[in-house]
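*Asks:* here's my sequence, what's the structure:
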Amino acid sequence: MGTRTPAIGWRLPPFYCPIEPAVHPAADGLEQRALAWVDAFGLYPDEVERAWGAATRSTDFSCRIIPGGDEELLLLFIHWNHWAFALDDVVHDTGSSATTAASVAEFNSRVARGLETPGAGGLGPGPLSAAYDDLVRRTRAAAGPFAFHLICEGLRDWLFGATWQAGNTERGVMPGLDDYVSMRPSINGTRFSLAWSLLAQGIQVPPQELYDDRVQALTDIAGYVVSCDNDLFSYAKEDDQEQLEQNLVNVLAHAKGCAPADALADAVGLRDRAMNLFLRLREQVARGAGDDLRRYLEALGHYIVGCVLWMDAAPRYASPRNRNPLPVAGAAWGVELTDRPSDPRTEAPPIPSAAWWWAQLDRS
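*Replies:* Residues are numbered from 1 along each chain as shown. Take a look at the predicted model:
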């Protein structure tokens, strides 16, 4: 993993996640096809960059959160993920003072409009742009009107979160806990990933059910839990940036005036309370759900557990670039899953932006 120990250490606490994992059976073959697409567009300029691109394990991520469904649609989602990681590392580099909020906002607006409106939002010359044009063309051809709208909505939400984060970096602001909890599912691209989960698996939840407050709360909670997990797995990857990375541990440490290691238990406790709520609210919603809504509720669970197991063994996180010249084959954090939350309290924590999640419990 590297010799320099991160502030929260190399051993992460157990992850409260009593959900059975699964992987799409075509994962191995899709990995080879995905990297062939990356090479065809020259998405990475040299072998070192290509190695770190492969270290994202985008196929493993995609096949764990979407463990069934159409292989061609899943492959298209994998291509989107390779492209998104490249964009994130090149354009959304929020750890550098050279990245301005204006430049991120301008680029992101072109990305969003380029998908939504044919012929709009050109990204200029280069491999990133050519690969994006291919993704847009194929996505428009593959998705029906409602599924396509969900993908556009999810992409815009991710870009919105990335722009907000870049603005904080430019101003030298560490957000408060309430703002961070509110925005973190957007930064993580939650709704973009879940739109592809719906499409690839043929899940057709009627709009009045998908946009029900309880289902939207579950979507946000799942995104928040995954984001908390990403904050832990990413900590070592980002702890050498010019400014402290905006993650849950650093947000709490800043608010409390303590060292990051002393904020770790509180961060995990908040995550576990949200996970506990997710399980209870999902069970409540499932009681009166039809087949497609039930499948979406299952997909939310795959999103959470799939992300834990993907990040555990992805060299992007397990052998971070700021400590290794190349990804380390076989690197893994070796985390444990547990069915016991570190904080067993079931009431809402004092975070106004999260209070509405708990308010959905037992709502008639």
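*Asks:* Leu123 in helix, strand or coil?
*Replies:* coil (DSSP: H, G, I helix; E, B strand; the rest coil).
*Asks:* residue contacts, it?
*Replies:* Residues near Leu123 by C-beta atoms under 8 Å, 6 or more residues apart in numbering: 107, 110-111, 114, 129, 132. The way it works is simple: take the backbone N, C-alpha and C, and place the C-beta from them, glycine included.
*Asks:* try Tyr224
*Replies:* Here Tyr224 is in contact with 181, 184-185, 271, 274, 354 (criterion: C-beta under 8 Å, 6+ apart).
*Asks:* from Ser186, how far out is it?
*Replies:* Tyr224 is 10 Å from Ser186, where distance means C-beta to C-beta, to the nearest Å.
*Asks:* about what we covered before: farthest pair within the contacts of Tyr224?
*Replies:* Pro185 and Arg271 (12.9 Å; C-beta to C-beta).
*Asks:* more neighbours: these two, which one.
*Replies:* Taking other C-beta atoms under 10 Å, Pro185 and Arg271 do not tie; Arg271 has more neighbours (25 against 22).
*Asks:* chain neighbours aside, what residue packs nearest to that one?
*Replies:* Cys228 (3.8 Å; C-beta to C-beta, 6 or more residues apart in numbering).
*Asks:* so where does the one you found fall, helix or strand?
*Replies:* Assigned by DSSP states H and E, Cys228 belongs to helix 213-238.
*Asks:* and if you look at Met275?
*Replies:* Going by DSSP H and E, Met275 is part of helix 260-286.
*Asks:* buried residues in that helix, which are they?
*Replies:* 260, 263-264, 266-279, 281-282, 284-285 (16 or more other C-beta atoms under 10 Å).
*Asks:* do you know the pLDDT at Asp93?
*Replies:* Looking at Asp93, its pLDDT reads 64.
*Asks:* cool, and the one 3 residues further on?
*Replies:* The predicted local confidence for Ser96 comes out at a pLDDT of 52.
*Asks:* do the same with Met1
*Replies:* The model reports Met1 with a pLDDT of 58.
*Asks:* what's the spacing between Phe233 and Gly290?
*Replies:* 35 Å.
*Asks:* who has more neighbours out of these two?
*Replies:* Using other C-beta under 10 Å as the criterion, Phe233 and Gly290 rank with Phe233 on top: 23 against 10.
*Asks:* what residues are up against Gly69?
*Replies:* Applying C-beta under 8 Å, 6+ apart, the residues contacting Gly69 are 24, 200-202.
*Asks:* got the contact list for the closest residue to Gln216 other than its chain neighbours?
*Replies:* Of all residues not flanking Gln216 in the chain, Leu210 sits nearest, at 7.9 Å (C-beta to C-beta, 6+ apart). By C-beta under 8 Å, 6+ apart, the contact list for Leu210 reads 216, 293, 296.
*Asks:* hmm, try it at 10 Å
*Replies:* Applying C-beta atoms under 10 Å, 6 or more residues apart in numbering to Leu210 gives the contacts 146, 150, 194, 198, 203-204, 216, 219, 292-293, 296.
*Asks:* and the pLDDT for it?
*Replies:* Value listed for Leu210 in the pLDDT field: 98.
*Asks:* do Ala7 as well
*Replies:* 89.
*Asks:* which intervals of the stretch 101-250 of the chain have sub-threshold pLDDT?
*Replies:* Counting by pLDDT under 70, the stretch 101-250 of the chain contains low-confidence ranges at 121.
*Asks:* quick one: Pro352 and Val181 touch, right?
*Replies:* Yes: applying C-beta atoms under 10 Å as the test, Pro352 and Val181 come out as touching, 9.1 Å apart.
*Asks:* which one's more surrounded, these two?
*Replies:* Higher neighbour count among Pro352 and Val181: Val181, with 24 against 11, using other C-beta under 10 Å.
*Asks:* next, the buried residues of the helix holding Cys228.
*Replies:* Of all the residues in helix 213-238, those buried under the rule 16+ other C-beta under 10 Å are 214-215, 217-238.
*Asks:* now the angle from it to helix 260-286?
*Replies:* Computed by axes from the mean of the first three to the mean of the last three C-alpha atoms, to 10 degrees, the angle separating helix 213-238 from helix 260-286 equals 150 degrees.
*Asks:* which element follows helix 213-238 toward the C-terminus?
*Replies:* Helix 213-238 is succeeded, C-terminally, by helix 248-256 (DSSP H and E).
*Asks:* chain center to that next one, what's the gap?
*Replies:* Put simply, helix 248-256 sits 20 Å off its chain's centre (C-alpha atoms, centre = their mean, to the nearest Å).
*Asks:* give me the buried positions along that helix.
*Replies:* 248-254.
*Asks:* what's the most distant pair in the residues you listed?
*Replies:* Leu248 and His254 (10.8 Å).
*Asks:* which neighbours do those two share?
*Replies:* In contact with both Leu248 and His254: 177, 263, using C-beta under 10 Å, 6+ apart.
*Asks:* what's the burial count for Gly301?
*Replies:* 21.
*Asks:* one more: Gly330?
*Replies:* For Gly330, the count of nearby residues is 9 (other C-beta under 10 Å).
*Asks:* got the contact list for it?
*Replies:* Neighbouring residues of Gly330 by C-beta under 10 Å, 6+ apart: 313, 315, 318-319.
*Asks:* and if we set it to 6 Å?
*Replies:* Going by C-beta atoms under 6 Å, 6 or more residues apart in numbering, Gly330 touches no other residue.
*Asks:* check which helix or strand it maps to.
*Replies:* Judged by DSSP H and E, Gly330 forms part of no helix or strand.
*Asks:* what's the pLDDT at it?
*Replies:* Looking at Gly330, its pLDDT stands at 92.
*Asks:* if anything else comes up later, I'll come back, but that's it for now.
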